Each structure stands twice: as structure tokens, then as C-alpha cells.
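Asks: coords below, sequence missing:
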């Protein structure tokens with residue numbers, strides 16, 4: 001809205017939401033790619049990071065894609081952010097720390 005007011009929140013639906021927990025949603029600056037963490041779908045560990053793309057014509061989200069290794073691990077992987085350059089990413093994980101603690105990781109996407 002041009003006044004900067006918030007609209008009503010809407011559930012994005014069963015294609016994204018599972019009976020388990022979803023967490024840490026991030027909308028990429030491209031305006032169509034959403035990243036989020038979920039304990040559902042085809043998770044490697046507890047929470048895994050997934051992506052989904054908005055199809056404006058169909059008015060629906062694509063089936064969530066697990067980002068796989070090495071971003072995801074058997075640990076809790078959440079709060080993924082992909083930078084505008086398309087190559088740098090940040091996320092949180094408890095894969096290499098004490099129980100109950102999270103660390104921030106930085107990685108680069110290598111294009112082949």
C-alpha cells in the first residue's frame with residue numbers, strides 16, 4: 001500500500017506449510033523466490049532450508065526444494081539469506097557448536 005500500511009496476514013497454504021514447524025522465511029530481492037526452514041517435507045535433519053518460487057500465472061508456490069548438502073545437515077539449519085549478488089549466502093546452524101547454541105555461516109554458491 002502506498003501509505004506503508006500492513007495488509008492482513010494470509011497463510012501461504014499446504015504446499016509450503018506442513019504439520020511440522022516452519023521457521024525463518026526470507027523473500028529474495030527477485031520478488032519470487034522464498035527461502036524457509038522446515039521440519040517437514042524431505043528434511044535431512046531437524047530443520048532444513050528449502051526454496052520455492054511464486055508462479056504468478058498459477059497464483060501458487062512451486063513444490064519446496066531442499067537446498068541439500070552442504071547448506072543442510074543432520075543438525076538444525078535455519079534463517080537462510082541469499083544476497084542480491086546471487087552468490088553469497090548466510091544461514092544459522094547448530095552443526096558445530098554446543099547444545100542449545102547456534103552459529104552464523106557464510107558460503108558462496110559456485111556456478112559450474
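Replies: Cool, got the structure. Everything numeric here is computed off the predicted structure, so don't read it as measured data.
Asks: quick one: low-confidence residue ranges for the chain.
Replies: 1-2, 112 (pLDDT under 70).
Asks: and for residue 67, the neighbour number?
Replies: Residue 67 has 21 neighbours, counted by other CB atoms under 10 Å. C-betas here are computed from N, CA, C, even on glycine.
Asks: next one: residue 44
Replies: 17.
Asks: residues contacting the closest residue in space to it that isn't next to it in sequence?
Replies: What sits nearest to residue 44 in space, not counting adjacent residues and going by CB to CB, 6 or more residues apart in numbering, is residue 72, at 4.9 Å. For residue 72, the contact set (CB atoms under 8 Å, 6 or more residues apart in numbering) comprises 43, 44, 45, 48, 49, 66.
Asks: okay, buried residues for the strand ranked longest in the chain please.
Replies: Under DSSP state E, the strand in the chain containing the largest number of residues is strand 48-55. Within strand 48-55, the residues scored as buried using 16 or more other CB atoms under 10 Å are 48, 49, 50, 51, 52, 53, 54.
Asks: the last one and residue 62: what is the separation?
Replies: Looking back up the chat, that one is residue 54. 8 Å (CB to CB, to the nearest Å).
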